[in-house]
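> turn this into a model:
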Amino acid sequence: MASDTPRQRRILTVGDDPDNAAEISRTLREHGLDVDLVTTGREALRAALAKGYDAMTLDRVLPDADGIMVVRLLREAEIELPVLMISALSDVDEKVRGLRTGGDDYLTKPYQPDELLVRLEVMIRRKDASHAASDNILRVGTLEVDRLSRLVRRSGVVVELSPAEYRLLIYMMEQSHCVLSRPMIFEAVWGYRFDPGTNVIEVHIGRLRKKIDTEGEEPLFHTIRSKGYRLGA
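Residues are numbered from 1 along each chain as shown. The predicted structure follows:
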């Protein structure tokens, strides 16, 4: 049985100032966070690329790299790890540079430990909310379904579906690019054993094709002879 205990948050702290790094680590650990400390940009990139962290605190100046360069490389690698940049540089232009490069927040030294904690908490909550929202959206090509609102769109145009058509579409989108046999579809969508004599699947897929694979759109519904159906570009 799965545990109801919340997962301990992991923070990657990057900085070569021993006193400051020790203070950050102590503050975060006292508040129940798991902290890994590295001292160079190279180590920061290696750790972040390995993933598993909820956020990063990043010194603006490192012995082998500029913090802005580290953020830029992370974003180019499509690593979405929230980054709190920390710097003694309080100039507005420096803050703007850090944020425009891909930093999520910018904290100027000196600062209070409580402010560091709050800023990290806000970044992590924002990340969690973003992931929760994206989990509710299914996409295959230009076809998009919002499972919360049950809204279906193709290239931005709303598509009206019956309840059965909607259930069938969701199942096929969740298994997109897989060949689904008629018994698999029937049992997953209609919930009982497949009847070889029924044409209900053909009828509903035909209706979905007419509504979704409209003129000018790339066909998404494919019939795989003697095997079943596949949804995908």
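> rest of the way, CA atoms for contacts and neighbours
Will do.
> low pLDDT regions in this structure?
1-6, 130-135, 194 (pLDDT under 70).
> so it: which segments form each domain?
10-134, 137-231 (automatic domain parsing).
> toward the C-terminus, what is the element adjacent to the longest helix along the chain?
For the chain, the helix reaching the highest residue count under DSSP state H is reported as helix 113-135. Sequence-wise, the next helix or strand downstream of helix 113-135 (DSSP states H and E) is strand 137-140.
> what's that next one packed up against?
Other helices and strands packing on strand 137-140, by 3 or more C-alpha pairs under 8 Å, 6 or more residues apart in numbering; DSSP states H and E, are strand 143-146, helix 163-174.
> hmm, back to that, would TSV of the domains of the chain with mean neighbour count be doable?
Formatted as TSV, the domains of the chain follow (neighbours: other C-alpha atoms under 10 Å):
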stretch	mean neighbour count
domain 10-134	17
domain 137-231	15
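> can you classify the residue of the chain positioned farthest from its centre by secondary structure?
Distance from the C-alpha centroid of the chain, by C-alpha atoms, centre = their mean, peaks at Gly197 (42.6 Å). When classified by DSSP: H, G, I helix; E, B strand; the rest coil, Gly197 comes out as coil.
> phi, psi of it?
Here the main-chain torsion angles of Gly197 (degrees, to the nearest 10) amount to phi -90, psi -10.
> wait, what's in contact with the nearest residue to Asp16 once chain neighbours are set aside?
Distances taken as C-alpha to C-alpha, 6 or more residues apart in numbering place Thr39 nearest to Asp16, at 4.6 Å, with adjacent residues excluded. Going by C-alpha atoms under 8 Å, 6 or more residues apart in numbering, Thr39 touches 14-16, 62.
> the residues you listed: which two are farthest apart?
Pairwise distances across the contacts of Thr39 (C-alpha to C-alpha) peak at 8.4 Å, for the pair Val14 and Leu62.
> so for the two, which residues contact both of them?
Common neighbours of Val14 and Leu62 (C-alpha under 8 Å, 6+ apart) are 39-41.
> which of those residues fall within helices?
Using DSSP H, these in helices are Gly41.
> out of the shared contacts of Val14 and Leu62, which one sits closest to Leu151?
Distances from Leu151 to the shared contacts of Val14 and Leu62, taken by C-alpha to C-alpha, are shortest for Gly41, at 43.9 Å.
> go ahead and confirm the closest one touches Asp64.
Yes. Counting by C-alpha atoms under 8 Å, Asp64 is a contact partner of Gly41 at 6.2 Å.
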